[in-house]
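Q: Curious how this folds, go ahead:
(chains A and B)
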Amino acid sequence: NAGVTQTPKFQVLKTGQSMTLQCAQDMNHEYMSWYRQDPGMGLRLIHYSVGAGITDQGEVPNGYNVSRSTTEDFPLRLLSAAPSQTSVYFCASSYSGGRSGNTIYFGEGSWLTVV
Amino acid sequence: GDSVTQMEGPVTLSEEAFLTINCTYTATGYPSLFWYVQYPGEGLQLLLKATKADDKGSNKGFEATYRKETTSFHLEKGSVQVSDSAVYFCALSTGGSQGNLIFGKGTKLSVKP
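A: Okay, here's the model as predicted:
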């Protein structure tokens, strides 16, 4: 029962470096998304995808890139890391988002520090 | 736009006390409403949900009722335990949000023995 798997769990980056946060789900979900969690801000949507080959921006997309070449995988790329991107990142998946009460499943999170 | 407002935390209670965490929302259309819980060092887990007015979601002794007239979805539990210590997030999803969740800022609950 893997569910939504994120790697790495912890990462420290230097300003200007690039990296990719990996996300995979084994539930054949069409919908996947990335959120970031910051103290006092709740979770904010970065990017989402409603199916392979389709991505769209969320509330805070700047500095991040995504692609969806398969149903299972939805990697999040930081193009040139900045201290403001220090955060906890969560990947999520669902059959069709939260419409009609569909449950959205979350990964365990990736703690990223940019120094 | 759509939004969720939760009561500010942190909330500190003694074991067996009654818990209420207030949540109100603004949304066009008819949102689905959710409560998620995040235990220390872990990801988010769905606690309960409701999809239409007057629906009551319940799980693990927690309850919340979808009140359209007051646009609220308050979380309640009659007797909290130390193991309920966590951060609780209220969230909504609408067709207008493309099925994405819009979260409140979260309420941290600490239960003391």
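Q: you'd agree residue A:59 is up against residue A:47?
A: No. Contact between residue A:59 and residue A:47 fails when scored by CB atoms under 8 Å: they sit 9.9 Å apart. In short, each C-beta sits where N, CA and C put it, glycine included.
Q: For these two, indicate the residue with more neighbours.
A: Shown here are residue A:59 and residue A:47; by other CB atoms under 10 Å in any protein chain shown, residue A:47 has more neighbours (23 against 14).
Q: Show me which residues of chain B are close to chain A?
A: On the criterion CB under 8 Å from any CB of the partner chain, chain A has as its neighbours in chain B the residues B:32, B:34, B:36, B:42-46, B:49-51, B:89, B:91-95, B:97-106.
Q: out of those residues, which are buried?
A: Neighbour-count burial (16 or more other CB atoms under 10 Å in any protein chain shown) applied to the residues of chain B next to chain A gives B:32, B:34, B:36, B:43-44, B:46, B:49-51, B:89, B:91-94, B:97-106.
Q: Can you tell me how far the residue of chain B found nearest chain A is from residue A:51?
A: For chain B, the residue closest to chain A is residue B:99, as judged by CB to the nearest CB, at 1.8 Å. Shown here: residue B:99 relative to residue A:51, a distance of 12 Å by CB to CB, to the nearest Å.
Q: Need the overlap of contacts for these two.
A: Counting by CB atoms under 8 Å, 6 or more residues apart in numbering or on different chains, the residues touching both residue B:99 and residue A:51 are residue A:31.
Q: What strands flank the lowest-mean-pLDDT helix or strand in chain B, and is each parallel or antiparallel?
A: None of the helices or strands of chain B scores lower by mean pLDDT, DSSP states H and E than strand B:101-103, at a mean of 92. Sheet pairing of strand B:101-103 (DSSP bridges) gives strand B:86-93 (antiparallel).
Q: what's next to the partner strand, contact-wise?
A: Strand B:86-93 is contacted by residues A:42-43, A:97-99, A:101, A:104, B:2, B:4, B:6, B:9, B:21, B:23, B:25, B:27, B:31-40, B:44, B:47, B:73, B:75, B:99-104, B:106-109 when judged by CB under 8 Å, 6+ apart.
Q: Please identify which helix or strand holds the closest residue in space to residue A:65 that isn't next to it in sequence.
A: Ranked by CB to CB, 6 or more residues apart in numbering or on different chains and with sequence neighbours excluded, the top spatial neighbour of residue A:65 is residue A:77, at 4.3 Å. Using DSSP states H and E, residue A:77 maps to strand A:76-78.
Q: Quick check: residues of chain A near chain B?
A: Checking chain A against chain B by CB under 8 Å from any CB, the hits are A:31, A:33, A:35, A:40-45, A:48, A:50, A:56, A:58, A:90, A:92, A:94, A:96-109.
Q: Which residue is most remote from the mean position of chain A?
A: What lies farthest from the middle of chain A is residue A:100; by CA atoms, centre = their mean that is 22.4 Å.
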